[in-house]
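Enquirer: fold the following for me, if possible:
(2 chains, ligands or ions: 1)
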Amino acid sequence: MKVPMTEYLEIDLDRELWQCRVCAHVLGSARKPYKEGLLVYARDPREIHKPILDPSYEFTFAPDPNWVQIVEYYCPECATMMEVEYLPPGHPPLNDMDFDIDALKRQWSTRDPVDLTRIAGPEPAGVDYRAHSHGGRARTYTNTGVR
Amino acid sequence: MNKMEKSALADNEKVLIEKFLADNVLFLGPDPEIMLDHDIAPRSELEEAGMKLEVDPAVQALIRDRLQAGTNEGYEMLEQMGAAPGAKWGDLITGVFTASGDLAVSSAGGVLIFSALVHHPIKFINKFWTTEPTVGIRPGDAFIHNDARYGNIHNTDQSLMLPIFYNGKMVAWAGATVHEGENGAIEPGGMPSAAESVYEEGLKMSPFKVVENYELKKDLVTFLQNSVREPKLQFEDMKVKLFACRRIEERVLAAIEEFGLDPVIVSMRAGLENCKAEVRRRVSEWPDGAVRTMCIADSTLRENVLVKICLEARKEGDQLICDFRGSSPEFANRCNNTVLASLKGMLAQLFLTFVWPDLPRNQAVFAPIQVITDPKSTLNSSYSTPNAESMMTFFPAFTMLQLAVAKFTYSCPKKYSKLIAPWHNMIRTFIYGGITQHNEMVGNLCADLNGMGGGARADRDGEHAIAPIFAAMADSGEQELNEEEVPFIQIVSKKLMRDNQAFGKYRGGQGYEMIASSLGSPLWGFMTCCIGSKVSSVPGLFGGYGAPAYPLCKVKGVDVFDVMKTDPRKFEFSIVDIMNKRPFEGATYTTHHFGMQFEIAKRGELFMITQGSGGGYGDVLERDPDLVISDLEAKLISHETAREIYHIVYNKDTFLLDRDGTEKARTAERESRKNRGVPFKEFIRKWTTPEPPAELPFYGCWGDDRSVIYTGPYGGMPRRKMNAEALESVYMPNPRDVRIAQLEQRISELEHGGKAAGDLV
Ligand SMILES: [Zn+2]
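Expert: Next up is the predicted model:
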């Protein structure tokens, strides 16, 4: 069985592998950090959060590149950006998801596969976004988990 | 004397000595036994007896609804009658507590963290004042409290607690808490970031009796009024809280009359116990393992430094442990530290509001969850350390847990709320103080803080300026109403700034701009208190970007009200246009970090800020191009962002999307990613350093090793390394001295042909 662990990552329980949910590329052992199977790029945060104010000001809405860099992780096959970390320069990336694979197997041995249509969670009680006219286009692009 | 006699005598002596010591405690400070425990109290005799009876669960639910309705009524009263701006816009809460002090039911609206912390002062009152002959707890009494060290988030919030008696027996407590604002601190408004010691933080009320026979004691009220800048507010809101508590008391007693005492006791107790069991069950649905998160709180509010907040959340079976060890040490003379109990209250709020909003709003929701911190860290600060701005560390800590919970729960077959990226986490608003147009001294804050941008959801964008992280329902206030009471206006308000958002497949909800200027006051000033001007305080989720950084902008040396009279076309209605076009000749335009201590605002000078964005969700290249176009149309993003971040191709004039062109542009960007990305191991070799860069003023552990804590260098204080188990408080130099040293160095450089004379900074 494959268990989706994030928007872009799943664990193949039988083979104990991290896998890309977009292209099914195998990233490595589920008992090791998934990041080890990804491409990494650290960038100046001002490339993403551009200065909104004149850059001659000390503070501009852009983060300070000497204090923080944006570390991006891409699937080596489909180049989906699976994770983003904001780290001080030189700070080791975190082993952010370190799951107990044996426990995960036990947990899923009695479960049905995940219903991907419900993975985003329930709507707040009493809210019907589809009835909301100016929610407009968003409704045609809800995450069905089908790729 | 034989051995037995000797030992009996020794026992007698021991009892005597213990009694003597108990009777002669020099000072009843915060009780560690109470403050370190966030679990529900053991069953009382009354509860033990009641729980043996069979009370129909339907009746229990009915009673709970009655109590809920009572607290909601109290909430409405407070909101309608309270004088504090915080009260008017929902920064308050009411609750019913068990006789032991556990929060059993809280009002449906309001700030849960307040009530999640009132159990500490009630437990203090129960423990120390019940048997204290000079105090005692009798029908008609009520107690007041605000000191966070006895249980609260910071001392701008005041609680009133009223014991409820039935047939001469105390059976419950009613409580009401309001963000009052003014509290007589070194700065007006109740959240003094200039406070360098707890004695500059204003009123420090340990729990004491302020009401007898349902009447406020005039002498004590006068003392409190005399200690704050808003005596009218202090009195009025004490009265209102008393009435709200009395209404709740009335409702609890009516429930007892109708259903009997035991069923009411059982309803409260079983509600807590069942809730605790249900939380364990829900946690057990998560995958076992560890999720690690970290962020940088980039300011103490006096200076920019890197304050690390890190979390390892470990889950095994039905246990969840939030381990914050490795986070920054406490700052001895800064107010951004949090008492451990306050941190726990904030974390409880995450589960009550965001993760399991369907659970009853009681204290047991957090009871099974453990929190570990290093003593004397900024998340577990000591008694003598200021905490008036505890939000500057416990909000980021909340965000780290919010991020971790999303990573734990993605795979869970059943979710109880929408999966979301982190909410915006800073109170981007103005605190103010001075003399009003009605010639009154005030000090308080604008409710715009309640409009934090929502995090992007797993299937939808975040909501703009929607709600604060500490309350599901609150209001951001009516500017016109404020202007009747205080002498400043928001010349620009409720306007969204282009590109002020966290990008992603789904983007974060944005916040709005505020341009404030004082008008018609002999003495007026503002404060702001947020981190995140150099490093984003809110990350994204699953490949989504975080929020941008947020500056404070000022325009001085101008009276814009004169400009509006003489040359109104000069006035620009956005922060960006004012700052970038500099339309007023002779004025100074400056930007600053968001920690502004109380500063005089002359008529017509501009203080400009914007609320913040929630985090983004997912890869920007997966964003529906139609959504990018609609954000362009709504002026939420610039053309630059559409092209360079989202990589869509469209006609700039007509906004007509070129779908094929977009697909090609995105494919090209994916190829660029593959070209610039390097394999993880290679990246680590080049990127990772064994210690924080030498010049970075860094506070906390570096990487996985949480046993070594770095501090500095800052303002002439060198880099230090501490053992995490023996942390020492960090003393920060006076920012003015740091500035003088910088200027002296600059003078020296100029005088000696560019060579630095000192290495102070
Ligand atoms: Zn892939």
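
Enquirer: got a list of what the residue in chain A that chain B sits nearest to touches?
Expert: Nearest to chain B in chain A, going by CB to the nearest CB, is A:L39, at a distance of 2.8 Å. Quick note: C-beta positions are derived from backbone N, CA and C, even for glycine. A:L39 makes contacts with A:73-76, A:79, B:673-674, B:677-680, as judged by CB atoms under 8 Å, 6 or more residues apart in numbering or on different chains.

Enquirer: just the buried residues of the residues you listed.
Expert: Buried subset of the contacts of A:L39 (neighbour count, 16 or more other CB atoms under 10 Å in any protein chain shown): A:73-76, A:79, B:673, B:677-678, B:680.

Enquirer: what does stretch B:661-674 contact?
Expert: In this structure, residues lying in contact with stretch B:661-674 by CB under 8 Å, 6+ apart are A:39, A:41, A:72, A:74, A:76, A:78-81, B:621, B:625, B:647-650.

Enquirer: inside helices: which ones of the residues you listed?
Expert: Counting by DSSP state H, the part of the contacts of stretch B:661-674 found in helices is B:P625.

Enquirer: highest neighbour count among the contacts of stretch B:661-674?
Expert: Taking other CB atoms under 10 Å in any protein chain shown as the neighbour criterion, A:M81 ranks highest of the contacts of stretch B:661-674 with 28 neighbours.

Enquirer: beta partners for B:R457?
Expert: For B:R457, the beta-bridge partners are B:I420, B:R460 (DSSP bridges).

Enquirer: now the residue of chain A positioned farthest from its centre: phi and psi?
Expert: Most distant from the centre of chain A: A:S56, at 34.6 Å, with distances by CA atoms, centre = their mean. Here is the backbone geometry of A:S56 (degrees, to the nearest 10): phi -70, psi -20.

Enquirer: same question, B:Q597
Expert: phi -70, psi 170.

Enquirer: on that earlier part again, please list which of the contacts of stretch B:661-674 are also close to the ion.
Expert: With the criterion set as CB under 5 Å from the ion, the members of those near the ion are A:C78.

Enquirer: among the contacts of stretch B:661-674, name the ones in strands.
Expert: Under the assignment DSSP state E, these contribute A:39, A:41, A:72, A:74, A:81 to strands.

Enquirer: including pLDDT, could those go into CSV?
Expert: As requested, the ones in strands among the contacts of stretch B:661-674 are exported to CSV (pLDDT from 0 to 100):
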residue, pLDDT
A:L39, 98
A:Y41, 98
A:E72, 98
A:Y74, 98
A:M81, 98
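
Enquirer: what segments of chain A are strands?
Expert: For chain A, the strands defined by DSSP E occupy A:2-4, A:9-12, A:17-20, A:26-29, A:39-43, A:69-74, A:81-87, A:97-99.

Enquirer: rewinding a little: nearest to B:G443, out of the contacts of A:L39: which one, please.
Expert: When the contacts of A:L39 are compared for distance to B:G443 (CB to CB), A:Y73 comes out closest, at 47.0 Å.

Enquirer: for that closest one, name its beta-bridge partners.
Expert: A:V40, A:E83.

Enquirer: that one and the ion: what is the separation?
Expert: Using CB to the ion, to the nearest Å, A:Y73 is found at 11 Å from the ion.

Enquirer: close to chain A, is the one helix or strand B:Y710 maps to?
Expert: Secondary structure from DSSP states H and E places B:Y710 in strand B:705-711. No - Strand B:705-711 stays clear of chain A (CB under 8 Å from any CB of the partner chain), getting no nearer than 9.5 Å.

Enquirer: quick one: strands adjacent to that strand?
Expert: strand B:698-702 (antiparallel), strand B:720-723 (antiparallel).
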